[in-house]
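Visitor: Sequence first, predicted model second:
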Amino acid sequence: MQKTLARIIVSSLILSIWFSGTALAYDQPAVNLGFTSFLDGAPPAGPGWYFQEYIQYYTADKLADLPFPNPEIEAWVSLNQLIYQSDQNLVGNAKWGMNLILPVVSLDSSVPQIPDNGTGFGDLVVGPFLQWDPIMGENGPVFMHRIELQFILPTGEYSQNKALNPGSNFFSFNPYWAGTLFLSPKLTVSTRVHYLWNAKNSDPNTPGAIHDTQAGQAVHANFSVNYEVIPKKLRLGINGYALKQITASEIDGNKIPGKEQVFAIGPGVLLSFSKDTHLFFNAYFETGAEYRPEGERYVLRLVHHF
């Protein structure tokens, strides 16, 4: 499922920049950074089919730890998501479900050394999950949560001659746990915590006789707090995300310097038209980036339960 920030957003790019005799890797795939926010612990209307459409705009004018003056990178991402949650218990009160996401990504880079591959399909995301029934209190739900075994399949558009691609050209395993805690019927906090493991890319965009690259392992999380301003209609709050690479990336089995990290925070809005149809808007402003782009991200998300 990441041009100054296009890596963050785009479905996976491996960009290894060489200078001063040192290889620095911008190589993490595009993952869920800020796509989900409020009330993430459960679907809004229980079992059944859901369709979600996400439109994300990402822009960056900084490439942390790279020597490019005044870079400009932009990415538009459309995520088309189909979810099915059954009403069949498998483990305790946990019901099984399936999540499918097909991205469409458009990239634009102003940096000649970082050519983009234009517009195309990103990598297909497949995720079987278990959704636990909400824990109820006297005034409604108190806690709800889910685990998903998420797989990012290298099906997207990719060119070895381009640094920014809609697809990553490598497999990733990206499981997560998501939960929402009701501090009161109106006030909630939510988080989604991922672990990320990446396979090798056998056709990387790298100079010289390099056979393969492998992005390091990472953890990333979304978090939010929101308050219900108009009952069943409007929630306002703060949302954010963080990513931290925890092991070194490798080129031909050799570890290279540089581990990616970034933090972002911003405002969010949730409009509910009915119990089945909801519209989210979330903005994020990044800081503290290392070995990756740093910029701004805006996400519009429509959720519909059939």
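Guide: That came through, no problem.
Visitor: Can you mark which positions in the helix or strand harbouring N222 are buried?
Guide: Element membership for N222 (DSSP states H and E) is strand 218-230. For strand 218-230, the neighbour count (16 or more other CB atoms under 10 Å) marks 218, 220-226, 228 as buried. Every C-beta, even on glycine, is put in place using the N, C-alpha and C of the backbone.
Visitor: Direction included, what does that strand pair up with?
Guide: strand 187-198 (antiparallel), strand 234-245 (antiparallel) (DSSP bridges).
Visitor: quick revisit: kindly reformat the buried residues of strand 218-230 as a markdown table and extend each row with pLDDT.
Guide: Shown next, in a markdown table, are the buried residues of strand 218-230 (pLDDT from 0 to 100):
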| residue | pLDDT |
| --- | --- |
| A218 | 98 |
| H220 | 98 |
| A221 | 98 |
| N222 | 98 |
| F223 | 98 |
| S224 | 98 |
| V225 | 98 |
| N226 | 98 |
| E228 | 98 |
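Visitor: count of residues packed around P67?
Guide: Residues lying near P67 (other CB atoms under 10 Å) number 10.
Visitor: P154: which of the strands paired with strand 218-230 is closest?
Guide: Comparing the strands paired with strand 218-230 against P154 with CB to CB, the closest turns out to be strand 187-198 (10.4 Å).
Visitor: so where is the protein shaky, pLDDT-wise?
Guide: Residue ranges of the chain with pLDDT under 70: 1-25, 207.
Visitor: Identify the residue nearest the geometric centre of it.
Guide: N32 (1.2 Å; CA atoms, centre = their mean).
Visitor: In three-state terms, label that one for me.
Guide: Look at N32: counting by DSSP: H, G, I helix; E, B strand; the rest coil, its state is coil.
Visitor: How is I210 assigned, secondary-structure-wise?
Guide: coil.
Visitor: circling back: the strands paired with strand 218-230 into a markdown table, with extra columns for distance to W49 and mean neighbour count?
Guide: Output for these, formatted as a markdown table (distance: least, CB to CB, whole Å; neighbours: other CB atoms under 10 Å):
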| stretch | distance to W49 | mean neighbour count |
| --- | --- | --- |
| strand 187-198 | 21 | 20 |
| strand 234-245 | 24 | 20 |
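Visitor: The residue nearest to the centre of the chain contacts R192, doesn't it?
Guide: Yes. When contacts are counted by CB atoms under 8 Å, N32 is listed as touching R192 (7.1 Å).
Visitor: Mind listing the shared neighbours of the two?
Guide: 176, 222 (CB atoms under 8 Å, 6 or more residues apart in numbering).
Visitor: From A248, how far off is the spatially most distant residue from the centre of the chain?
Guide: Here the centre of the chain is the reference, and by CA atoms, centre = their mean the most remote residue is E138, at 35.1 Å. Noted for E138: a distance of 51 Å to A248, by CB to CB, to the nearest Å.
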